[in-house]
Every structure is written in C-alpha cells, then in structure tokens.
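[1] Kindly generate the corresponding structure for this input.
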Amino acid sequence: MKNKHGAFSDIFLFMILAFVLIFICAIMIYIANTTTDQLHLTMDGMDLGDGSGNNVSQVIDNTVGATALTFKALYWISAFIIFGMILGIFIGSYLVTTKPVFFIPYIFIVIIAIIVSVPLSNAYETLSNTAELSSTFTGFTASNFIMLNLPIWITIIGFTGGIIMFARMGRKEEYQYG
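    Now for the predicted structure:
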C-alpha cells in the first residue's frame, strides 16, 4: 500500500464499466432468447428425434433453452457486480492516503463526473427503450435504477468516497518499514 496516491478515476471507471457490463449482459440475454425462439419457429414442425424419445422442441429446450434460462441470472448478477464496484470505490477511498491540497481537485473531478454521467444516463435510457431490446432491459430492475439515476448515484458515491478519503488525512496510520 506504500505510495498509493490515487483513486480519483474510480468514479469514471465505475460509470463506464457499469454501462458496458449491463449492455453486454443485455445483448447476451437477447441473443439467447432470440436464438431459442427462432429455433422453435423453424424446427418445431419437423418430425426429428434423437433416438431416445425426445422430439426437437425438447432437445432445443434442453440445450439452447437451458442456456437462455441460465443467462437470466445476469439480471441480478449485474446488480451485484455494480454494488461490488461501489463498495470497491469506498474501500479504495479508505486505503488512499492523500494530502489536503488534493481536496479541491477531487471536488472538480466529482463535478465533471456528475456532468459526464448525465449524457451517459440519457444514452442508457435511449438504448433501453429501443424496440428490440426493451423487453430484455426490463429485467434489469436494480441495474436500471442505478443507470437511470446515474447522476444522483455518482454524486452520492463521489462525495461519500471523498469524505472517506479526506477524513483519514489527519490520522497517522502510515508505518515506515525498515
């Protein structure tokens, strides 16, 4: 932990990674559901079997359908990852030792992050309201709440992280090793 002087970019990393994470999860769920539906549309009418009494629709449900059901866990996994990133920002803020002179630049960085989060939140809203993906994005309840209210979350995370970071600056917890 020696010579660790930063954690100012954590808020920007949080915004970008949360947006990309939810987008990739939504695309994976959309592709799995679309593939399963399309396979059912094209192959359910065929009289094919696997030799052990299963028809085509059972085989599709047991293979690609199981994958689509498994991907539905990404709805809540993405929320846990986002909350883990928030917790990581707070822990990183606690571990960073800083000087009082960095308080003013930190405030400016948080203000810039709040300004950047507004168009990112609007882009997420536009993306989640597209006709093709809207049904997929409705399952991301907690993630949607965070991303649609991203400026508020960035304000809370930024200032709480700053309080945690700069509250420690008066303590002498740095140990000099040998």
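
[2] Poorly predicted segments of this structure, please.
    1-8, 45-54, 169-178 (pLDDT under 70).

[3] neighbours of residue 65, just the number please.
    20 (other C-beta atoms under 10 Å). Where you see a C-beta, it was placed from the backbone N, CA and C, and this is true even at glycine.

[4] Over to residue 64?
    Counted with other C-beta under 10 Å, residue 64 comes out at 18.

[5] if I pick it, what's in contact with it?
    32, 35-36, 39 (C-beta atoms under 8 Å, 6 or more residues apart in numbering).

[6] need the contact list for residue 150.
    Contacts of residue 150 by C-beta under 8 Å, 6+ apart are 15, 117-118, 120-121, 124.

[7] of those residues, closest to residue 89?
    Set against residue 89, the nearest of the contacts of residue 150 by C-beta to C-beta is residue 15 (11.0 Å).

[8] Name the helix or strand for that closest one, please.
    helix 10-43 (DSSP states H and E).

[9] Report the buried residues of that helix.
    10-11, 14-15, 18-19, 21-23, 25-26, 29-30, 32-33, 36, 39-40 (16 or more other C-beta atoms under 10 Å).

[10] after it, next one along is what?
    Following helix 10-43 in sequence, per DSSP H and E, is helix 56-62.

[11] Could you export that following helix as PDB, keeping only the C-alpha atoms?
    Extracted C-alpha coordinates of helix 56-62, given in PDB (Å, rounded to 0.1, in the frame of the first residue of the first chain):
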ATOM      1  CA  VAL A  56     -37.000 -31.500 -31.500                       C
ATOM      2  CA  SER A  57     -38.600 -29.000 -29.100                       C
ATOM      3  CA  GLN A  58     -37.400 -31.000 -26.100                       C
ATOM      4  CA  VAL A  59     -33.900 -31.100 -27.500                       C
ATOM      5  CA  ILE A  60     -34.000 -27.300 -28.100                       C
ATOM      6  CA  ASP A  61     -35.300 -26.600 -24.600                       C
ATOM      7  CA  ASN A  62     -32.700 -28.900 -23.000                       C
END
